[in-house]
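Quick one: sequence and predicted model below, then my questions.
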Amino acid sequence: MKYLILVGDGMGDYPMEELGGKTLLQAAKTPNMDLLAGQGMLGLAQTVPQGMAPGSDVANMSLMGYAPKLYHTGRSPIEAAAVGIELGPNDVSFRCNLVTLAHEDNKTVMADYASGHIDDPSAAEIIATLEKELGGDDIHFYTGQSYRHLVVWKNGPLNAVTAPPHDYSDQTVDHLLNEGGETLPLVEFTKKSWPLLEAHPVNKARSEKGEHQANSIWLWGQGTKPTLPKLKVTGFTVSAVNLVKGLGIMAGLEAFEVPGANGWLDTNYEGKVQATLDGLKDRDLGFLHVEAPDETGHGGILSEKIQAIELFDEKVVGPVMAGMKGLGHHRVLLATDHYTPVSTKTHSSEPVPFVIWDSEKIKNNPKGFNEVQAARSSQGKVIPGYELMKRLLG
């Protein structure tokens, strides 16, 4: 038996007036996902437990079969596992975004949580400078991808007040930059990056080209080293983001690297599909994750998110399902991890649509893969997200 989990990150959304009251999943052309919904078991799952912040860390941990309230210690330690950072017992790992802050009218605004989706080589130059100038015996910077990086701080301020920068797109963040108490060292450390980044050659070049400057670090998602029991299957992850890779590594899965996989609309879809099909030849479980719907949701542009959903359906779901026909009996879990509504530009914690499809138990119940149809099919019953893995594996 082969098992595949397909995740369109952040596909969930709200009904939109511009779409005649439809959600984006309803409005988008998704024949492949709709086919799975009509032939499988469609329903709703609560991937973000009540009381926990809605994020891809919590939601994807659920989809991998782990109860976040038992195992989640923070987002950044998961990403640290992806790049081989071995956290010590006193280490606190922080996600370090390179962001664009706008200082205007005596206010500081989060102008761009991703610094214009800065390219990897430019970001690496900046992180190298930050490590040289701000790093030390107790604090180290680690290069990640694009705007996503890490800081590991020995005995760092674990209980500091932090927030994801994408929660504050185009909003003032002065209240977060004026926190005292245990947050004060974090704020002071962040402000030390400002003169270094303002003068950095990468930012001068970006300014000349009219691109957003990476003029500040933004630390959030802190936590200590978690421990997950290993999954009792052989498997792998295919994803452009370290969060999913790290979760997989802690769960005992391999993290496949696909050239050109970048988490955006122009990611290497074909390469990710081929890596998945190759991996399933001699492994039990594949976890194929596409980031673009989430990123476009954060951007707040309706047409781009619909495009991301349609590309996921056309270039991932369709081809990978066609390729699995030669692998014998197989089951597929299709889901979004959480909502990333274009109207709010940030995550939310509503139950998400999912479908479990079995190649030997084909139903004939035409339905669309969307929030409305999933709610009707669930008949009010919402499954805890971490139980989906058990159902998939039978």
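Sure, I can see it. Numbers count the residues shown, from 1 in each chain.

Now do the buried residues in stretch 53-63.
Neighbour counts over stretch 53-63 (16 or more other C-beta atoms under 10 Å) mark P54, G55, S56, D57, V58, A59, N60, M61, S62, L63 as buried. Heads up, the C-betas are built off the backbone N, CA and C, glycines and all.

any residues touching it, and which ones?
Contact with stretch 53-63 is made by 5, 7, 9-10, 45, 47-49, 52, 68, 71-72, 74-75, 78, 164, 221, 241, 243-244, 247, 287, 289, 294, 333, 335, 337-339, 347-349, 352, 384-386, 388-389, as judged by C-beta atoms under 8 Å, 6 or more residues apart in numbering.

quick revisit: go through the buried residues of stretch 53-63 and say which is closest to G136.
The closest of the buried residues of stretch 53-63 to G136 turns out to be D57 (C-beta to C-beta; 27.5 Å).

Could you find the closest non-adjacent residue to the closest one?
By the measure of C-beta to C-beta, 6 or more residues apart in numbering, the closest residue to D57 outside its immediate chain neighbours is R75, 4.0 Å from it.

Show me the beta-bridge partners of the nearest residue to G135 once chain neighbours are set aside.
Distance criterion C-beta to C-beta, 6+ apart; nearest residue to G135, sequence neighbours excluded, is F141 at 5.6 Å. Partner residues in beta bridges with F141, using DSSP bridges, are V151.

okay but L36 is in contact with P366, surely?
No - using C-beta atoms under 8 Å, L36 is not in contact with P366; the gap is 11.6 Å.

returning to that earlier point: number of residues surrounding the residue nearest to G135?
F141 has 22 neighbours, counted by other C-beta atoms under 10 Å.

now it: how far from D112?
Separation of F141 from D112 (C-beta to C-beta, to the nearest Å) stands at 20 Å.

next one: A292
A292 sits 17 Å away from D112 when distances are taken as C-beta to C-beta.

Next: T172.
Shown here: T172 relative to D112, a distance of 14 Å by C-beta to C-beta.

try M389
36 Å.

more crowded one of the two?
Shown here are M389 and D112; by other C-beta under 10 Å, D112 has more neighbours (26 against 20).

So what's the predicted local confidence for the more buried one?
The per-residue pLDDT reported for D112 equals 95.

Now do the contacts for it.
So D112 contacts V99, T100, S169, H212 (C-beta under 8 Å, 6+ apart).

Next, count neighbours for the second one.
Counted by other C-beta under 10 Å, the residues lying close to T100 total 24.

What's the local residue count around the nearest residue to P384 once chain neighbours are set aside?
What sits nearest to P384 in space, not counting adjacent residues and going by C-beta to C-beta, 6+ apart, is Q46, at 5.7 Å. Neighbour count of Q46, defined by other C-beta under 10 Å: 18.

what's the answer for M41, then?
Residues near M41, counting by other C-beta under 10 Å, number 17.

Which pLDDT value goes with it?
Note on M41: pLDDT of 96.

and what of A45?
Here the pLDDT value assigned to A45 is 98.

my read: it touches L388, true?
Yes - using C-beta under 8 Å, A45 is in contact with L388, at 5.7 Å.

Tell me which of the two has more neighbours.
More crowded of A45 and L388, by other C-beta under 10 Å: A45, with 26 against 22.

residues in contact with K245?
A82, T237, S239, A255.

Filter those residues down to the ones in helices?
Counting by DSSP state H, the contacts of K245 place A82 in helices.

Sort out which one of the contacts of K245 lies nearest L311 for me.
Of the contacts of K245, the one sitting nearest to L311 (C-beta to C-beta) turns out to be S239, at 15.7 Å.

Report the secondary structure state of the closest residue to the closest one other than its chain neighbours.
Leaving aside its chain neighbours, S239 sits nearest to H289 (3.9 Å; criterion: C-beta to C-beta, 6+ apart). Of the three states, H289 takes strand under DSSP: H, G, I helix; E, B strand; the rest coil.

Check which strands are paired with whatever helix or strand G43 lives in and give the direction for each one.
G43 is part of strand 41-46, with elements assigned from DSSP states H and E. Paired with strand 41-46 in the same sheet, following DSSP bridges, are strand 352-358 (antiparallel), strand 382-384 (parallel).

Deepest in the core, which of those strands is it.
A comparison of the strands paired with strand 41-46 by mean neighbour count, using mean count of other C-beta atoms under 10 Å, puts strand 352-358 on top with a mean of 24.

Report the contact partners of the residue nearest to T183 when sequence neighbours are not counted.
With sequence-adjacent residues excluded and distances taken as C-beta to C-beta, 6+ apart, T183 is closest to A160, at 4.2 Å. Counting by C-beta under 8 Å, 6+ apart, A160 makes contact with E179, E182, T183, P185, L186, Q222.

related to what we said a few turns ago, next, show the common contact partners of A45 and L388.
Joint contacts of A45 and L388 (C-beta under 8 Å, 6+ apart) are S62, A335, F354.

mind putting these in CSV, distance to G279 and pLDDT included?
As requested, those are exported to CSV (distance: C-beta to C-beta, whole Å; pLDDT from 0 to 100):
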residue, distance to G279, pLDDT
S62, 22, 97
A335, 19, 98
F354, 22, 98
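
Relative to H347, how far out is E387?
21 Å.

So which residue is dead centre in the protein?
The centroid of the chain falls nearest to S56 when counting by C-alpha atoms, centre = their mean (4.5 Å).

Show me the strands in the stretch 251-394 of the chain, by range?
Using DSSP state E, counting those that start in this stretch, the strands assigned to the stretch 251-394 of the chain run over residues 254-256, 285-290, 330-335, 352-358, 382-384.

Perfect, that will be all.
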